[in-house]
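Asker: return atomic coordinates for the entry below.
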Amino acid sequence: MNKPILVIMAAGMGSRFGGLKQMAKVDEQGHVIMDFSLFDARRAGFEKAVCIIKPEMKEDFEALIGSRVRRFMELEYAFQNMNALPEGYAVPEGRIKPWGTTHAVLAAKDLIGDSPFAVINADDFYGKEAYEAIYAYLKEPHAKGEYAMVGYLLKNTVTDNGHVARGVCQVDGSDMLTGIQERLRIEKRNGGIAFTEDEGQTYTDLDPEDVVSMNFWGYMPDFLQEAQARFPAFLDENLPKNPLKCEYLVPRLTDDLIKEGKATVKVLHCGAKWHGVTYQQDMPELQQSIRDMKAAGLYPDYLWK
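Answerer: Numbers count the residues shown, from 1 in each chain. Okay, here's the model as predicted:
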């Protein structure tokens, strides 16, 4: 069995943050969030990572991360290209938005090969516990369609500075994921947490103890074949309705596979608080949290020495 690979989705535009948040320094030593992700992954057991980026970002990524990480683990780049579509399809005129997280993962298909793999966002600070849990799952033999997901409590994943998108999960008594509903605008409201689907005209309350997905998945390689085979059907359904913004999303595809009986997803519960930089205003809290974790001995001042 091949060793698990870490796949980092870093091609997003970071529009709400106001720039390429993947490049933003989060401590006095000049680390970015991905430094901590790779550091935690490496000490959990991962020996190889694939960063999915835009082609024009390669030089900056190599200078910022690749050049120092390569001494400790294998690192490769995959490129999410807007024009990488099935034969017979073309990018609609005026579209600038990438095709979503499933399309991003497909960009890394050849580099992943036949290995089990974990998928994460580049701009989320997941914590050591999450990497240990997903690596422990992926290093064991699993059949096709036997996947995993690190699940966080909703109350630990919201920001004070705006709204976030989360996959709200349904989990059975055996900690298996039975469904996931993408909520694209979740925010703190009136002392609780709620979501809206009509630009804030109406809100529906959510339980703060709900399990949510932070896009930290563990897959067998057959997921890539499913994603590739289903991409044309996704385009056929969604291009006529939303040609400029429709996205082929990992949680939605995973939910489809569960409902069709083609996949199971084990929920690996994580009680840690999520840290991220959805908005510029999130940065001071993240920086203080990192200082606190270093002071507690959870991380060294310099990760790659």
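Asker: tell me which stretches of this structure form strands.
Answerer: According to DSSP state E, the chain carries its strands in the segments 5-9, 48-53, 74-79, 117-121, 124-125, 146-153, 164-171, 177-189, 192-195, 204-206, 211-219, 264-270, 275-276.
Asker: who does the last one pair up with?
Answerer: Going back to what we said before, that points to strand 275-276. Here the strand partners of strand 275-276, with direction, are listed using DSSP bridges: strand 124-125 (antiparallel).
Asker: and if you look at the first one?
Answerer: The pairing partners recorded for strand 5-9 under DSSP bridges are strand 48-53 (parallel), strand 117-121 (parallel).
Asker: so which of these is nearest residue 302?
Answerer: strand 48-53 (19.1 Å; C-beta to C-beta). (C-beta placed from N, C-alpha, C; glycine too.)
Asker: next one: that closest one to chain centre, how far?
Answerer: Its chain's C-alpha centre lies 12 Å from the corresponding centre of strand 48-53 when counted by C-alpha atoms, centre = their mean, to the nearest Å.
Asker: could you dump it to PDB, C-alpha only?
Answerer: Listed next in PDB are the C-alpha coordinates belonging to strand 48-53 (Å, rounded to 0.1, in the frame of the first residue of the first chain):
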ATOM      1  CA  LYS A  48       4.800  14.000   0.600                       C
ATOM      2  CA  ALA A  49       2.600  17.000  -0.100                       C
ATOM      3  CA  VAL A  50       1.100  18.400  -3.300                       C
ATOM      4  CA  CYS A  51       0.200  22.100  -3.400                       C
ATOM      5  CA  ILE A  52      -2.500  23.000  -5.900                       C
ATOM      6  CA  ILE A  53      -1.800  26.500  -7.100                       C
END
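Asker: who's in contact with residue 228?
Answerer: Taking C-beta atoms under 8 Å, 6 or more residues apart in numbering as the contact definition, residue 228 lies against 106, 109.
Asker: what do you get for the one 3 residues further on?
Answerer: The neighbours of residue 231, taking C-beta under 8 Å, 6+ apart as the test, are 85, 86, 102, 103, 106, 248.
Asker: excluding chain neighbours, what is closest to residue 251?
Answerer: Counting by C-beta to C-beta, 6 or more residues apart in numbering, residue 251 lies nearest to residue 167, which is 4.2 Å off, once chain neighbours are set aside.
Asker: one more: residue 49?
Answerer: The shortest distance from residue 49 to any residue that is not its chain neighbour, by C-beta to C-beta, 6+ apart, is 4.3 Å, and that residue is residue 6.
Asker: isn't that neighbour right up against residue 118?
Answerer: Yes. Under the contact definition of C-beta atoms under 8 Å, residue 6 touches residue 118, with a separation of 5.3 Å.
Asker: need the residues touching each of those two.
Answerer: Common contact partners of residue 6 and residue 118 (C-beta under 8 Å, 6+ apart): 41, 46.
Asker: how far does stretch 257-272 sit from the chain's center?
Answerer: What separates the centre of stretch 257-272 from the centre of its chain is 15 Å, taken as C-alpha atoms, centre = their mean.
Asker: ends of that stretch, what's the gap?
Answerer: Looking at stretch 257-272, the gap from its leading to its trailing residue is 28 Å under the measure C-alpha to C-alpha, to the nearest Å.
Asker: what comes up buried for that stretch?
Answerer: For stretch 257-272, a neighbour-count test (16 or more other C-beta atoms under 10 Å) marks 257, 258, 263, 264, 265, 266, 267, 268, 270, 272 as buried.
Asker: and residue 117, how many neighbours?
Answerer: Using other C-beta atoms under 10 Å, residue 117 has 27 other residues around it.
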